[in-house]
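J.: Okay, sequence plus prediction incoming.
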Amino acid sequence: MAIPGHINLNDLLVFSAVADMGGFTAAAERLNVAPAKVSLEIARLEAQLGVALFSRTTRKVALTEAGESLHQQSKPLLEQLQAAVDGLHVSPDQLTGTLRVTAPVDHAVQMLAPALARFAVLHPKLQIDLRTSDRISDLVAEGIDVAIRMGWLRDSSQRAVKLGEFQQYLVASPDYLRRAGTPQSPLDLASHDWVALTLLRTPLTWTFSSNEGEERTVHLKARMKADSASSLRALVLHGAGLTVLDQFSSAPELAAGRLVRLLPDWQAATGGLYAVFPPGRHVAPKARAFVRFYQEFLAQQQSA
């Protein structure tokens, strides 16, 4: 390897983006620059270092051995440098750039969107990109600053802040109950039509706990399935059967009488609400500031 002269720091930042995103076009989109500029800066860096950092084919871009070594050693240093710059020049009252947030569709509509709207008013120089999906996003590949996730974190190594907890309610529509009757115990659920959420690990197995500490595990049969919480709720509202919904998405329907909460003396497991940050990179001040704001927002909503 040739001894480098003055390496352009921006070239290293571009290199890190290509390595993280797995391609020049994706890195260009993340950096908001033209793909040609990314190619030019990578070529300049490779010429200065005297080695190829990426192997290129028509289908993909992959790190070479030298590129992998540079990425592993430079990425933590770049993150520390970025954190130091952020700490010096960005105050919570002067947030800039773009805050990219992802969340499940229902939660975004009911809770997150109002919070983001208020947060935007407080920080007029900040742009906000809200991305909704009931499937888990790749935070690094999509350039997400913070993900709001509900339920149980599958990876204990994730950097996350617990925002709160939520109850899960067993529900059905009045129309379904008129046709099929009202279950009186968890064991009755096996004889009812169940609407399953396929995003769950075990959508047909539920454990309910009574106020007296008893537990009942029920194995269900689903005539209908849905791959999103909003579709699941719509099916149940139209009389497709019974299901479990989180308290946020079910509250408006319960209050309006469009859904009925069943077996209130038996509780499904309590879920957690989390803010998850991307792995392997520093947490941007704008992301930290929003998470603190959202914690306060949720607390106010619960006390109202």
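T.: Perfect, I can see it now. Values in this document were obtained by computation on a predicted structure and should not be read as measured data. Numbers count the residues shown, from 1 in each chain.
J.: and residue 38, how many neighbours?
T.: 24 (other CB atoms under 10 Å). All C-beta atoms are positioned from the backbone trio N, CA, C, and that covers glycine.
J.: got it, and residue 62?
T.: 13.
J.: Give the full set of residues in contact with it.
T.: 22, 54, 55 (CB atoms under 8 Å, 6 or more residues apart in numbering).
J.: same thing with residue 116?
T.: Residue 116 neighbours (CB under 8 Å, 6+ apart): 101, 128, 130, 290.
J.: Kindly list the main-chain dihedrals of residue 66?
T.: Backbone dihedrals for residue 66, given as degrees, to the nearest 10, come out at phi -70, psi -40.
J.: I'd say it and residue 52 touch.
T.: Yes: the criterion here is CB atoms under 8 Å, and residue 66 meets it with residue 52 at 7.0 Å.
J.: re earlier: closest to residue 94 out of the contacts of residue 116?
T.: Closest to residue 94 out of the contacts of residue 116 is residue 290 (14.3 Å), distances taken as CB to CB.
J.: So the closest one belongs to a helix, correct?
T.: Yes: the assignment for residue 290, made by DSSP: H, G, I helix; E, B strand; the rest coil, places it in a helix.
J.: Retrieve the pLDDT associated with it.
T.: The per-residue pLDDT reported for residue 290 equals 96.
J.: What is the neighbour count of it?
T.: 25.
J.: Does it touch residue 103 like I think?
T.: No: contact status for residue 290 versus residue 103: not in contact, 11.8 Å apart, counting by CB under 8 Å.
J.: Quick check: phi and psi at the closest residue to residue 125 other than its chain neighbours.
T.: The spatially closest residue to residue 125, leaving aside those adjacent along the chain, is residue 96, at 4.7 Å (CB to CB, 6 or more residues apart in numbering). Dihedral angles of residue 96 (phi, psi; degrees, to the nearest 10) stand at phi -130, psi -180.
J.: isn't residue 96 right up against residue 124?
T.: No: contact criterion CB under 8 Å: residue 96 and residue 124 do not qualify, at 9.9 Å.
J.: So if I had to pick from these two, which one is more boxed in?
T.: Using other CB under 10 Å, the more surrounded residue of residue 96 and residue 124 is residue 96, with 14 against 9.
J.: domain assignment for this protein?
T.: 9-89, 92-166+272-303, 168-269 (automatic domain parsing).
J.: OK, contacts around residue 270?
T.: Taking CB under 8 Å, 6+ apart, one finds 165, 166, 167, 168 in contact with residue 270.
J.: list the contacts for the third one?
T.: Just to be clear, that refers to residue 167. Residue 167 neighbours (CB under 8 Å, 6+ apart): 246, 247, 267, 268, 270.
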